[in-house]
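Trainee: turn this into a structure:
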Amino acid sequence: MASFTKLGCFAPNQAQGVHDLSTAGSQLMVCLSNVVPDTLLDTVLADITQISYTNVVETYPADTLNVGAEVPAGNWKVTGTDLTVTASGGAVAGFRYAILYDATPTTPLSPLIGYWDYGATVILADTEVFNIPFGSAILNFS
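Mentor: Sure thing, here's the model as predicted:
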């Protein structure tokens, strides 16, 4: 399983009300990159070098269809739909990082939250599939 790293901008943005992780709140998205995000300097989507999504069947950046809920009382859990990357018509450019950001805010525009590191570059040949699972939660707060 890939390890998740929160970016330095997430906690201040959360405290300042940038993210609304409630059911009707922010739209969380995932983009793909082969460049590790800088945990201190990268703060918005524009700071990220995304891969070329040529030959990717699904639309990326991809919507996690996230939902936030208090489960159990005193704990906040954000769940989402697992994502898939499918190659069609040729290979998919290599990526190592799936980067989570909030597509809803305009100030700052598309702030970053964190990323999953898959440990090595993933290259998909034509028709290969790669899953991005979120497990029981995208984010947990207690």
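Trainee: how far away from the center of its chain is the helix or strand of the chain at the bottom of the mean pLDDT ranking?
Mentor: Within the chain, no helix or strand scores below strand 67-70, which has a mean of 86 by mean pLDDT, DSSP states H and E. Distance, stretch centre to chain centre, for strand 67-70: 17 Å (CA atoms, centre = their mean, to the nearest Å).
Trainee: tell me the buried residues in that strand?
Mentor: Residues 67, 68 are the ones in strand 67-70 that count as buried (16 or more other CB atoms under 10 Å). Using the backbone N, CA and C atoms, a C-beta is placed for each residue, glycine as well.
Trainee: for it, packing partners?
Mentor: If you count contacts as 3 or more CB pairs under 8 Å, 6 or more residues apart in numbering; DSSP states H and E, strand 67-70 packs onto strand 76-79.
Trainee: thought residue 122 was touching residue 98?
Mentor: No - Residue 122 is beyond contact range of residue 98, at 9.6 Å (criterion: CB atoms under 8 Å).
Trainee: so these two - more neighbours on which side?
Mentor: Of the pair residue 122 and residue 98, residue 98 is the one with more neighbours under other CB atoms under 10 Å, namely 25 against 19.
Trainee: now do the SS call for that one.
Mentor: strand (DSSP: H, G, I helix; E, B strand; the rest coil).
Trainee: how about it: what's its closest non-neighbour residue?
Mentor: residue 116 (4.6 Å; CB to CB, 6 or more residues apart in numbering).
Trainee: OK, contacts around that neighbour?
Mentor: By CB atoms under 8 Å, 6 or more residues apart in numbering, the residues touching residue 116 are 2, 3, 4, 5, 97, 98, 100, 132.
Trainee: residue 30 now?
Mentor: By CB under 8 Å, 6+ apart, the neighbours of residue 30 are 60, 61, 62, 64, 83, 98, 99, 100, 101, 132.
Trainee: is the first one part of a helix or strand, or is it coil?
Mentor: What three-state DSSP gives for residue 60 is coil.
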